[in-house]
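Trainee: 3D, please:
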Amino acid sequence: RRQRPHLRRHRLAPRAKKYAVRGVLGAVYTARHPRGPRPTDQLVLDTEAPVAYGTPAPRYVLAGQLLRELRRVTVVDLDAELRAAGLPCYGGRPTRAG
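Mentor: Predicted coordinates for the structure are as follows:
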């Protein structure tokens, strides 16, 4: 919550027992030449889209985020988790007990 201010208002979060990186979200670029890129070609932004690993995908992607698949998800109470770990939560910011 310290790193993500928008989470300070929320007490619930997902917990996944299984997860895998499945692709990226990013800017997809294409070459200007219709028969494929050449060393002198410039790339132009085509779209922003998710691109899955292991599928035929655009050749040039500037990734901004990883995409994960979450499985066996349960919802947990963040404040209860912090207390169980001995980390009380004051004003939305966890601090070490001591």
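Trainee: Can you list the buried residues in stretch 15-27?
Mentor: Residues of stretch 15-27 classed as buried: G23, V24, G26, A27 (neighbour count, 16 or more other CB atoms under 10 Å). (C-beta placed from N, C-alpha, C; glycine too.)
Trainee: Which strand residues bridge the third one?
Mentor: Here G26 sits in beta bridges with A49, A63, as judged by DSSP bridges.
Trainee: before we move on, the earlier item: any chance of the buried residues of stretch 15-27 in a markdown table, plus distance to P14 and pLDDT?
Mentor: A markdown table is the format used below for these (distance: CB to CB, whole Å; pLDDT from 0 to 100):
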| residue | distance to P14 | pLDDT |
| --- | --- | --- |
| G23 | 19 | 92 |
| V24 | 21 | 92 |
| G26 | 23 | 90 |
| A27 | 27 | 89 |
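Trainee: Check these against P88 and report the nearest one.
Mentor: V24 (37.4 Å; CB to CB).
Trainee: Report the contact partners of the closest one.
Mentor: V24 makes contact with P50, V51, Y53, V61, A63, G64, Q65, L66, L67 under the criterion CB atoms under 8 Å, 6 or more residues apart in numbering.
Trainee: Sort out which residues of stretch 49-59 are buried, please.
Mentor: For stretch 49-59, by 16+ other CB under 10 Å, it's V51.
Trainee: Need the distance between the two termini of it.
Mentor: With CA to CA, to the nearest Å as the measure, stretch 49-59 spans 13 Å from end to end.
Trainee: Contacts made by it with the rest, please.
Mentor: Here stretch 49-59 makes contact (CB under 8 Å, 6+ apart) with 21-26, 28-30, 37, 46, 61, 63, 67.
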